[in-house]
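**Q** Fold the following, please.
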Amino acid sequence: MKIGKLMSAILAIAIATLSYACSTDEPIAPSEPGGTSRVRIGMSVDEWELSDKILEDAVLEGLDRILADYEVKTQVMVSKASDQYENNLDALAKENDLVISAGLKMAPLAARMSAKYPDRKFVIIDGKVESPNVRSVEFRENEGAYLMGVIAGSMTKSGKVGFIGGMELPVTKRYQAGFIAGVMSVNQEAGNLMIEGTMIKYSGSYTDSSKVRSLAGDLYSQGADIVMHAAGMSGEGLYEAAEDMGMLALGSERDEALAYPEKAPVILASVVKDAGMYAYDAVKDVLEGSFTQGLVSSGIKEGGIRISDTLHPELEANEELLELVHSVAGDIASETIIVPEDPEELEAIYPANPE
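**A** You can find the predicted model right below:
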C-alpha cells in the first residue's frame with residue numbers, strides 16, 4: 001500500500017521505528033526473505049497551511065521502499081495544529097528507536113527531543129541539529145539550480161529569465177543563488193538583471209499557487225521567457241502562467257513533468273532532491289545496527305541532487321547544451337566549480353561595476 005496517498009499536505013514528518021524487543025539495547029535484525037522484522041514504523045504528520053507536501057512525498061517514497069524490502073507494520077499520527085508537533089514527537093521518542101523529522105521548522109523540536117531522549121536516534125532531513133544522537137541531512141540544492149541556470153541562460157530568446165521562491169528560507173535562497181550563478185556563467189546580461197532583483201519574486205508560501213501564477217505573469221510580462229520556481233506545491237501556478245502566455249518553466253524538488261503531466265509541454269526540466277534515499281538509509285541503518293550521527297551533506301556528487309529524467313523535447317534535442325550541462329555537473333561534483341549558497345555572495349562574485 002502506498003502510504004503517501006493517505007497523507008495531507010504537511011510541513012514536517014516524523015517517522016519512527018519501534019522495536020518489539022523487550023530491551024531497546026538489543027540490536028534490531030533486518031527481516032529475512034519471507035520473514036518478519038521486529039520493527040514498527042510510525043509516522044507523525046501535520047496539516048499546517050504553509051506545508052510543503054513535496055518533501056513529505058519524497059520521504060514517504062523512501063519509506064515505501066523500506067516496506068517493499070522489509071516486512072514491517074506502520075502507524076500514523078496526525079497533528080492538526082502546530083502546537084501538537086512537540087507532543088507527537090515526544091510520544092514517538094518515548095517508544096521508538098529512531099525518529100525522522102523533515103523540514104526546517106522541525107529542527108528545534110528534534111533538538112529538544114534528542115536531548116530529552118539521549119538513548120534514541122534521530123534524523124532531521126532538510127534541517128540541522130548538532131547533537132550526539134542526531135543525523136542531519138542537508139541538500140546542496142544550489143548545485144542543481146546552477147544546472148537549471150545554465151539551461152535557462154542558454155535557451156532564453158528574450159535575454160531575460162526569472163525566479164520565484166516560496167518562503168524566504170535558507171533552502172529557497174540556495175535555489176536562488178545557484179540559479180543566478182548558473183545563468184551568469186552563460187548569459188551575464190540575464191544574470192545581472194536577477195542580481196539586481198528585477199527578475200526575482202517571492203510568494204511567501206509553498207501552497208498559494210494563485211499568488212505564484214500572478215507573480216509568474218508579472219515576470220513573463222517583463223520579458224522573461226523562462227522562469228524557475230522553488231515554491232513547493234504552489235509551483236503549479238507557474239506552469240499555469242507559462243501555459244497562458246506561451247512561455248517555459250523550470251521546476252524543483254521532483255520531476256515536475258511527471259507530477260503535472262498535463263503541464264509537461266511548458267516544463268523544460270526540474271531539480272530532483274532525493275530525500276527518500278536518506279529516509280530509507282536511516283531506517284535501514286538502524287535495522288542493520290550501522291546508524292551513525294553527524295551532518296550529511298548531499299549534492300550532485302552523492303546523488304541526492306540531480307536533473308529530472310523527463311526533459312522538454314526542445315531541451316532533449318539540444319545535444320550541445322546537454323553535453324555542457326553534463327560537463328558542468330561533473331565540474332561541480334569534482335569541486336572545480338563551487339556554487340554559491342546565498343544570493344548575497346553573488347555581488348562579490350559578479351560585481352555590478354567590476355574594476
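**Q** so after the helix or strand harbouring residue 244, what's the next helix or strand?
**A** According to DSSP states H and E, residue 244 maps onto helix 236-245. Moving toward the C-terminus from helix 236-245, the next helix or strand (DSSP H and E) is strand 248-251.
**Q** Centre of the chain to the helix holding residue 244, how far?
**A** A distance of 22 Å separates the centroid of the chain from that of helix 236-245, by CA atoms, centre = their mean, to the nearest Å.
**Q** tell me what it is packed against?
**A** Where contact means 3 or more CB pairs under 8 Å, 6 or more residues apart in numbering; DSSP states H and E, helix 236-245 is packed against helix 209-221, strand 226-230, strand 248-251. C-beta here means a position set from N, CA and C on the backbone, and glycine is covered the same way.
**Q** ok and that helix relative to helix 209-221, angle-wise?
**A** Orientation check (axes from the mean of the first three to the mean of the last three CA atoms, to 10 degrees): helix 236-245 against helix 209-221 gives 40 degrees.
**Q** Now do helix 236-245 against strand 226-230, angle only.
**A** Using the same axes, to 10 degrees: helix 236-245 against strand 226-230 is 170 degrees.
**Q** In helix 236-245, which residues are buried?
**A** Using 16 or more other CB atoms under 10 Å as the test for burial, helix 236-245 gives 236, 237, 238, 239, 240, 241, 242.
**Q** sorry, back to before: can you say which of the helices and strands packed on helix 236-245 is nearest to residue 94?
**A** strand 226-230 (36.1 Å; CB to CB).
**Q** Just the CA atoms of the closest one, as PDB, please.
**A** Extracted in PDB, the C-alpha atoms of strand 226-230 (Å, rounded to 0.1, in the frame of the first residue of the first chain):
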ATOM      1  CA  ILE A 226      11.900  31.100 -18.900                       C
ATOM      2  CA  VAL A 227      11.100  31.200 -15.100                       C
ATOM      3  CA  MET A 228      12.300  28.800 -12.400                       C
ATOM      4  CA  HIS A 229      10.400  28.200  -9.200                       C
ATOM      5  CA  ALA A 230      11.400  27.000  -5.700                       C
END
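**Q** List the neighbouring strands of that strand plus their orientation.
**A** Its sheet considered, strand 226-230 pairs with strand 161-165 (parallel), strand 248-251 (parallel) by DSSP bridges.
**Q** need the contact list for residue 294.
**A** By CB atoms under 8 Å, 6 or more residues apart in numbering, the residues touching residue 294 are 135, 136.
**Q** Okay, and the beta partners of it?
**A** residue 135.
**Q** For residue 199, which non-adjacent residue is closest in space?
**A** residue 162 (4.2 Å; CB to CB, 6 or more residues apart in numbering).
**Q** give the contact list for that neighbour.
**A** 194, 199, 200, 201, 216, 219, 220, 222, 224, 226, 227, 228.
**Q** any idea how far it lies from residue 183?
**A** 10 Å (CB to CB, to the nearest Å).
**Q** Residue 80 now?
**A** 42 Å.
**Q** With neighbour numbers in mind, choose between these two.
**A** residue 183 (32 against 10; other CB atoms under 10 Å).
**Q** hmm, back to that, for the strands paired with strand 226-230, please prepare CSV with the additional fields mean pLDDT and distance to residue 116.
**A** What follows is those, written out as CSV (pLDDT from 0 to 100; distance: least, CB to CB, whole Å):
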stretch, mean pLDDT, distance to residue 116
strand 161-165, 98, 34
strand 248-251, 98, 39
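**Q** would a markdown table of those strands with distance to residue 189 be doable?
**A** Shown next, in a markdown table, are the strands paired with strand 226-230 (distance: least, CB to CB, whole Å):
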| stretch | distance to residue 189 |
| --- | --- |
| strand 161-165 | 10 |
| strand 248-251 | 18 |
